[in-house]
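**Q** got a predicted structure here, sequence first:
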Amino acid sequence: MKKSIELAYFEIMSQRYELTGENQRHLEKMQSGYQGEVQFEKIVSEVLPNKMLLLTDLAFEMRYGETQIDALLISNNAIRMFEVKNLLSQYQYHDGVWTTNGWKLSRDYFTQMKRAGEILEALLDEMGIRTEVETKLVFIQEEDTVQISDSRTEGLYLKRWQIKKYFKELEKETYGAKWRPEEVAVKLMKRASRRKFPKVRPVDVDKTQIYRGIVCCGCGGHKIDVGTERYHVVCRSCGYRESKEKAVLRTLCDLAILDYDQPLTRRTLNYYQDTKGIHNTIRHVLKKYFKVHSRGRTADYINPMKRMEDAFDDLKFRFRDIP
Ligand SMILES: [Zn+2]
């Protein structure tokens, strides 16, 4: 499962700048949300009935804003929507109100989910698919942290331990087919938006203080020697030696996300001016891994807007890392 562009942005930032307060909390919230979705997808993949499709992490641009969907299950006669919550502290739901640690939440997850289901129904209707969408909240955390005492919510949520059973029950359904799941999936994917920039970014950041060099992939440190060795950069803190090609590719991907509104050029990584150590590598990596957008005095390249591991499958580098 790919990380959202916001999560990637915050993660890259946190490796290069000290995020505190609100920014740090937002990063942690997105990370636990992402972990929850990964776990849900993993559990479901073990029990997903034949002929059903699970689509994850979809966003749709609507007239009044954007709607996001964690997971959609498409069978040949029904569409079900799942909103995954990874709630790590204790939550209670009673009389339509969520509380955590004595605090009242201003939002109601059940209402939000119902609304999201209605939006999806309208969207499907536009595509000529008339159906009621069943929605469920999924409480994915390992510990049973959520207490719900409200009979009106029955059938509206699944706890982690109920997921497998729920999907196995679905397999027994034998209603007539209304459509081919693949066709519905293709229609939805075509309509889905792939956001090109992070809408939410850390607030109050002093841009001049953002570290723009290579982050050690061993210890996360910033003291990197790019000049001494020919094929590796060396971390002066932990001694990790990373292939120059990989270090440069990884860093260019990350800096390109931070500079999403700037052209991606060899100047994007111009932190190490004192050595010739990686200038050729930067040139080589841009040529090899990125597509040219336009050529001028300095060529600029198409920004993949993905971290290295999401942007490239099956990477092999000529020189190995030496931890
Ligand atoms: Zn290190």
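**A** Nice, I can see it.
**Q** contact residues of this structure facing the ion?
**A** 216, 218-219, 221, 235, 237-238, 240 (CB under 5 Å from the ion). To be clear about C-beta, it is placed using only N, CA and C from the backbone, and glycine gets the same treatment.
**Q** just the buried residues from those, in ChimeraX please.
**A** The ChimeraX command for the buried members of those (criterion: 16 or more other CB atoms under 10 Å) is given here:
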select :216,218,235,240
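**Q** can you put the residues of the chain next to the ion in JSON lines and add pLDDT?
**A** Shown next, in JSON lines, are these (pLDDT from 0 to 100):
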{"residue": "216", "pLDDT": "98"}
{"residue": "218", "pLDDT": "95"}
{"residue": "219", "pLDDT": "97"}
{"residue": "221", "pLDDT": "98"}
{"residue": "235", "pLDDT": "98"}
{"residue": "237", "pLDDT": "97"}
{"residue": "238", "pLDDT": "97"}
{"residue": "240", "pLDDT": "98"}
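**Q** and residue 275, what pLDDT?
**A** Residue 275 is assigned a predicted lDDT (pLDDT) of 68.
**Q** how close does the closest residue to residue 189 other than its chain neighbours get to residue 1?
**A** Computed as CB to CB, 6 or more residues apart in numbering, the closest residue to residue 189 that is not its neighbour in sequence is residue 55, at 7.4 Å. The gap separating residue 55 from residue 1 is 11 Å, by CB to CB, to the nearest Å.
**Q** who has more neighbours out of those two?
**A** When neighbours are counted by other CB atoms under 10 Å, residue 55 and residue 1 differ, and residue 55 comes out ahead with 18 against 13.
**Q** tell me the secondary structure for the more buried one?
**A** strand (DSSP: H, G, I helix; E, B strand; the rest coil).
**Q** residue contacts, it?
**A** 69, 71-72, 74, 185, 188-189 (CB atoms under 8 Å, 6 or more residues apart in numbering).
**Q** ok, now with 7 Å
**A** 71-72, 74, 185, 188 (CB atoms under 7 Å, 6 or more residues apart in numbering).
**Q** quick check, nearest of those residues to the ion?
**A** Here the nearest of the contacts of residue 55 to the ion, counting by CB to the ion, is residue 71; it sits at 37.0 Å.
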